[in-house]
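Chemist: 3D model of this:
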Amino acid sequence: MKQKKWMSCRLLAGGLVTLSLTAAALAASQGSQSDPLVTLSYLNDKAIPAILSQVDTKIAQRETDLKSQLQQVADGYAQSVKGNGGSTSAVYQVVSLSKGQTLTAGSSCEILLRTGTGTCSSSTSPGLVDMTGGSTLAPGGTLTSNHLYLATQPDRGVRAVTAVTLMVRGSYSIQ
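Modeler: Below you'll find the model as predicted:
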């Protein structure tokens, strides 16, 4: 009988050891609802702030790069609008001439007389093309106020008989 009791104790002890090892293996292999593998506090306190910090750094770097690119484009556009030394423009510029001064236009320069009296300055005919009137202006001819004139060739321009105000788009020089 002692042998049977001894055998029963061994079997019972072996069963308990096997059950304990199985329970420990299951507990170590995955978490449960009350004890997850990654805790919510770890996510809130460590993981999410680290990820957000990395994202903020990348966004700030990208923003700096894009601002730099935008500034280069804006500078290039401003340069094309201003032209070289203020004598070339993609937009109309207001130019004032004193009596006796001459504005010499480059090819394709547009001139609009706003105030005063001016004459066409050119060595050959036609001097300027009157785009408003659909005609040409001979050298020495008087410009009409609020008419748009086009210099089709270089060295055409406007000589101020009185003080004049012009709107000019394109390359020009003043003498």
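
Chemist: avg pLDDT for stretch 93-112?
Modeler: The average pLDDT within stretch 93-112 is 90.

Chemist: Can you tell me what sits against that stretch?
Modeler: By CB atoms under 8 Å, 6 or more residues apart in numbering, the surrounding residues in contact with stretch 93-112 are 86, 88, 92, 114, 116, 118, 121, 128, 131, 143, 146-175. No exception for glycine: its C-beta is placed from N, CA and C like everyone else's.

Chemist: among those residues, which ones are buried?
Modeler: 88, 116, 118, 121, 128, 143, 147-151, 156-160, 164-172 (16 or more other CB atoms under 10 Å).

Chemist: Out of the residues you listed, list just those in helices.
Modeler: Within these, no residue falls in helices by DSSP state H.

Chemist: now the helix ranked longest in the chain: mean pLDDT?
Modeler: In the chain, with assignment by DSSP H, the single longest helix is helix 48-82. The pLDDT scores in helix 48-82 average 87.

Chemist: List the buried residues of it.
Modeler: Buried-residue list, helix 48-82, by 16+ other CB under 10 Å: empty.

Chemist: roughly how far apart are Thr117 and Arg10?
Modeler: 128 Å (CB to CB, to the nearest Å).

Chemist: between those two, who's got more neighbours?
Modeler: Neighbour totals were compared for Thr117 and Arg10, and Thr117 leads with 15 against 10 (other CB atoms under 10 Å).

Chemist: Not including adjacent chain positions, what is the nearest residue to that one?
Modeler: Spatially, and ignoring its direct neighbours in sequence, Thr117 is nearest to Val161 (4.2 Å; CB to CB, 6 or more residues apart in numbering).

Chemist: What is the end-to-end distance of stretch 137-156?
Modeler: 11 Å (CA to CA, to the nearest Å).

Chemist: Contacts for that stretch, please.
Modeler: 104-115, 117-133, 157-158, 161, 170.

Chemist: Would you mind stating the distance between Leu12 and Gln3?
Modeler: Going from Leu12 to Gln3 by CB to CB gives 15 Å.

Chemist: Compare those two (neighbour count), which wins?
Modeler: Neighbour count, other CB under 10 Å: between Leu12 and Gln3, Leu12 has more, with 10 against 7.

Chemist: follow-up on the earlier one: the residue nearest to Thr117 touches Gly118, doesn't it?
Modeler: Yes. If you go by CB atoms under 8 Å, Val161 and Gly118 touch, sitting 6.1 Å apart.

Chemist: How about the contacts made by the spatially most central residue of the chain?
Modeler: Nearest residue to the geometric centre of the chain (CA atoms, centre = their mean): Leu70, 3.0 Å. Neighbour list for Leu70: empty [criterion: CB under 8 Å, 6+ apart].

Chemist: doesn't Arg159 make contact with Gly116?
Modeler: No. Counting by CB under 8 Å, Gly116 sits too far from Arg159 to count as a contact (11.2 Å).
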